[in-house]
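Peer 1: Fold the stuff below for me.
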Amino acid sequence: MSSSQVGLRAWARSAAAVVLITGVYFVAPLPAARTPGGSPELRTIGFVAGVIVLTWLVGRQVGRALRRERLLAEQLAMLLTVVTLVVAFFAALYFLMADQFHGLRTRLDALYFSVVTLGTIGYGDVVPVGQGAKAVVIVQVMFDLVIVTSALTLIVGGWRSRE
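Peer 2: Prediction:
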């Protein structure tokens, strides 16, 4: 199989994963923020468990992407999938915590805020006001720094391997 075919297959898999992850995010049964859903301790344990699983998945994907035999197109496609997973995970958390945000009412609002946080733009139209929401945003910013660093590593590594 030629390198262009390998690259196209990687992008096709990534596009399918992005559609699937986004679709699951919009149809998954998530309780409204004001619906009682367990104790704060249970929610914290669930959040920590989710972050641990997400960290493992990101680490695994980045490790796979950094293999020398991977084409740059494959590396970037894998990174897109990881970014989509991280954005959807945090968007779901924000939607579940919507009562701790000003301006966040819908799943699209939560997804928008997650993407804006990833981009470090911060328009100010959606703002975390609760302490729990602020803590989750801090965790996402840390993840985002890791993702950006990983992207730079992939791109620079891809350029160096072609020299």
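
Peer 1: Ala135: how many residues sit nearby?
Peer 2: 15 (other CB atoms under 10 Å). Any C-beta I mention is one placed from the backbone N, CA and C, and that applies to glycine too.

Peer 1: how close does it get to Thr120?
Peer 2: Counting by CB to CB, to the nearest Å, the separation of Ala135 from Thr120 is 18 Å.

Peer 1: The protein: helices as residue ranges?
Peer 2: 3-27, 40-65, 72-96, 107-118, 131-162 (DSSP state H).

Peer 1: and the residue nearest the centre of the chain, what does it touch?
Peer 2: By CA atoms, centre = their mean, the chain has its centre lying nearest to Val86, at 1.3 Å. Residues near Val86 by CB atoms under 8 Å, 6 or more residues apart in numbering: 54, 58, 118, 140, 143-144, 147.

Peer 1: please redo it, this time with the cut-off set to 6 Å
Peer 2: Phe143 (CB atoms under 6 Å, 6 or more residues apart in numbering).

Peer 1: With Ser150 instead?
Peer 2: Applying CB under 6 Å, 6+ apart to Ser150 gives the contacts Val62.

Peer 1: Give me the local confidence score for it.
Peer 2: Reported pLDDT at Ser150 in the predicted model: 77.

Peer 1: So it versus Leu96, what's the distance?
Peer 2: Distance from Ser150 to Leu96, counting by CB to CB: 26 Å.

Peer 1: What about Gly103, how many residues nearby?
Peer 2: 14.

Peer 1: what's the answer for Ala151, then?
Peer 2: By other CB under 10 Å, the residues close to Ala151 number 18.

Peer 1: Not including adjacent chain positions, what is the nearest residue to it?
Peer 2: Nearest non-adjacent residue to Ala151, counting by CB to CB, 6 or more residues apart in numbering: Leu79, 5.6 Å away.

Peer 1: Val27 versus the one you found, what's the distance?
Peer 2: According to CB to CB, Leu79 stands 25 Å off from Val27.

Peer 1: Could I get the contacting residues of Tyr25?
Peer 2: Contact analysis of Tyr25 by CB under 6 Å, 6+ apart lists Ala88.
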